[in-house]
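J.: Have a look at this fold, sequence not included:
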């Protein structure tokens, strides 16, 4: 809801101190809620935020290097 009125870049900046990071042009993720990281068939990355429901959040190639650095992988 906030992103529609303020833009994703502004929302990302305001939530960054709380561990929320952009991993895709459409997705912001709380890195403390990441349960697993899955690699796809063609090398793409997906974050699993709830292991029971197997919720997958795609990680764009553009954001993958920063995410790997932040998570230490």
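T.: Looks like it arrived, so ask away. For clarity, every value in this text was computed on a predicted model and none was experimentally measured.
J.: going forward, measure contacts between C-alpha atoms and count neighbours the same way
T.: Will do.
J.: The residue nearest in space to the middle of the chain: what's it in contact with?
T.: Nearest to the geometric centre of the chain sits residue 23, at 3.5 Å (C-alpha atoms, centre = their mean). Residues near residue 23 by C-alpha atoms under 8 Å, 6 or more residues apart in numbering: 29, 58, 59, 60, 63, 64, 67.
J.: where's it, which helix or strand?
T.: Here residue 23 is covered by strand 20-24, with elements defined by DSSP states H and E.
J.: What strands flank that strand, and is each parallel or antiparallel?
T.: Partners of strand 20-24 in the sheet, by DSSP bridges, are strand 27-30 (antiparallel).
J.: For the partner strand, could you pull out the residues that count as buried?
T.: In terms of neighbour count (16 or more other C-alpha atoms under 10 Å), strand 27-30 has its buried residues at 28, 29.
J.: do the same with stretch 8-22
T.: 8, 11, 12, 20, 21, 22.
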